[in-house]
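Trainee: This is the structure alone, sequence omitted:
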DNA sequence: AGTAATCTTGACTATAAAGTATAGATTGGC
DNA sequence: GCCAATCTATACTTTATAGTCAAGATTACT
């Protein structure tokens, strides 16, 4: 359960572009240098963000990348999906039913329930957080996820 | 942010061994067949679990794997760590300070805060769940994580 | 029109993760 | 002692991810 390099650098580049503000833009060489990766690799990542509809590119002189939509309309979970996925339910979960000798059904249920619990926990954070939230300061971050008194399970204020 | 094959199969094998009960044991061929993976691969995974201290192996005829400790003393988070890690804070987070031209500090803070929030959310589930919880039924799973009225942030009942 | 700065694309290489193969060591039963 | 069933260890192959390279297309400016 690791972050991929795509996810790490992709989000970092997106946040940078966000910080550039309304209409502000950043070029590949700028992001490449700031993140300490090669221009070619930065370009590869930016392509994913562009195809995902999060940024748009302007070619030619004075070109660069800008946000394709307002920061508050960019959900971090969607960005993560585009960059490599929030996949917890691995493929094998649904196969191998009824062939095993020992407790197969229970094992499937047990493990799947766990993954589901983790998935829910992660989604609480990623699906509710927007790029705008990340551009605000660190203090804000702690208010994303908090409890609703009397409720069961994890909850996040919208 | 995907589950690795090690995490998936490792946990599944551990749960199987847990289902075998006190003193019950499972062999590599049994688990291999039940999970639909090769015996060699099952052996590789089981080695990780053994070196992590979660299971112990008996060689020779009538050998196999059993839990090294009671199921309630096996924390799933520790198992995941051994199998491949709960690593969200990627290495690059701490490098590249002060070299970039644009907003470096803020980007680091923003992204790191997000990863921390996700990490916390995941830890709430994984650090509190024991193998015993997984061996109980699915219904139990939903009570692991719940809110503490009036509190801020994520909380989990002990 | 020419030039420099920029993004675009696809193919390529390198590294890490997944999965296999083989030879060896231990144990229990005959 | 021998054999079959089991785990152990290491090296190998395959596949996916990470990262590079080179040629091309677009734009602004003069």
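Mentor: All right, it came through fine. Given the structure is predicted, the values throughout are model-derived calculations rather than measurements.
Trainee: For the residue in chain A positioned nearest to DNA strand D, grab phi and psi.
Mentor: Among the residues of chain A, residue A:60 lies nearest to DNA strand D; the distance is 2.3 Å by CB to the nearest atom of the strand. Using the backbone N, CA and C atoms, a C-beta is placed for each residue, glycine as well. Main-chain dihedrals, residue A:60, degrees, to the nearest 10: phi 70, psi -170.
Trainee: Model confidence score at it, please.
Mentor: For residue A:60, the pLDDT comes out at 97.
Trainee: What of residue A:141?
Mentor: For residue A:141, pLDDT reads 47.
Trainee: Could you pull up the mean pLDDT of stretch A:107-115?
Mentor: Averaging pLDDT along stretch A:107-115 gives 91.
Trainee: That stretch and DNA strand C in contact?
Mentor: No - applying CB under 7 Å from any atom of the strand, one finds stretch A:107-115 out of contact with DNA strand C, separated by at least 14.8 Å.
Trainee: chain center to that stretch, what's the gap?
Mentor: Chain-centre distance of stretch A:107-115: 24 Å, with CA atoms, centre = their mean, to the nearest Å.
Trainee: quick one: that stretch near chain B?
Mentor: Yes - legend: contact between stretch A:107-115 and chain B by CB under 8 Å from any CB of the partner chain is shown at A:107, A:109-111, A:113-115.
Trainee: In a markdown table: those residues, plus neighbour count and distance to residue A:127.
Mentor: Output for those, formatted as a markdown table (neighbours: other CB atoms under 10 Å in any protein chain shown; distance: CB to CB, whole Å):
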| residue | neighbour count | distance to residue A:127 |
| --- | --- | --- |
| A:107 | 24 | 29 |
| A:109 | 16 | 25 |
| A:110 | 25 | 25 |
| A:111 | 20 | 23 |
| A:113 | 20 | 20 |
| A:114 | 23 | 20 |
| A:115 | 20 | 17 |
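Trainee: Return the two entries of the residues you listed that lie farthest from one another.
Mentor: Spatially, the most separated pair among these is A:107 and A:115, at 12.5 Å (CB to CB).
Trainee: and stretch A:45-65, is it in reach of DNA strand C?
Mentor: Yes - applying CB under 7 Å from any atom of the strand, one finds stretch A:45-65 touching DNA strand C at A:46-47, A:50, A:57-65.
Trainee: Tell me the buried residues within those.
Mentor: Buried by 16 or more other CB atoms under 10 Å in any protein chain shown: A:46, A:57, A:64-65, out of the residues of stretch A:45-65 next to DNA strand C.
Trainee: Turn the residues you listed into JSON lines, columns for secondary structure and pLDDT.
Mentor: Listed next are those as JSON lines, based on DSSP: H, G, I helix; E, B strand; the rest coil; pLDDT from 0 to 100:
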{"residue": "A:46", "secondary structure": "helix", "pLDDT": "98"}
{"residue": "A:57", "secondary structure": "strand", "pLDDT": "98"}
{"residue": "A:64", "secondary structure": "strand", "pLDDT": "98"}
{"residue": "A:65", "secondary structure": "strand", "pLDDT": "98"}
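Trainee: Just flag the most distant two among these.
Mentor: The most widely separated members of these are A:46 and A:64, with 9.9 Å between them, by CB to CB.
Trainee: who touches both of these two?
Mentor: Common neighbours of residue A:46 and residue A:64 are listed as A:28, A:57 (criterion: CB atoms under 8 Å, 6 or more residues apart in numbering or on different chains).
Trainee: Quick one: mean pLDDT over stretch A:70-78.
Mentor: Per-residue scores along stretch A:70-78 average to 97.
Trainee: So for it, first residue to last residue, what's the gap.
Mentor: With CA to CA, to the nearest Å as the measure, stretch A:70-78 spans 14 Å from end to end.
Trainee: Can you tell me what sits against it?
Mentor: By CB under 8 Å, 6+ apart, stretch A:70-78 touches A:11, A:14, A:18, A:52, A:54, A:67, A:86, A:123, A:126-135, B:114.
Trainee: try 7 Å this time
Mentor: A:18, A:54, A:86, A:123, A:126-127, A:129-132, A:135, B:114 (CB atoms under 7 Å, 6 or more residues apart in numbering or on different chains).
Trainee: With secondary structure as added columns, please give these in JSON lines.
Mentor: Putting these into JSON lines (DSSP: H, G, I helix; E, B strand; the rest coil) gives the following:
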{"residue": "A:18", "secondary structure": "helix"}
{"residue": "A:54", "secondary structure": "coil"}
{"residue": "A:86", "secondary structure": "coil"}
{"residue": "A:123", "secondary structure": "helix"}
{"residue": "A:126", "secondary structure": "helix"}
{"residue": "A:127", "secondary structure": "coil"}
{"residue": "A:129", "secondary structure": "coil"}
{"residue": "A:130", "secondary structure": "strand"}
{"residue": "A:131", "secondary structure": "helix"}
{"residue": "A:132", "secondary structure": "helix"}
{"residue": "A:135", "secondary structure": "helix"}
{"residue": "B:114", "secondary structure": "helix"}
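Trainee: Noted, bye for now.
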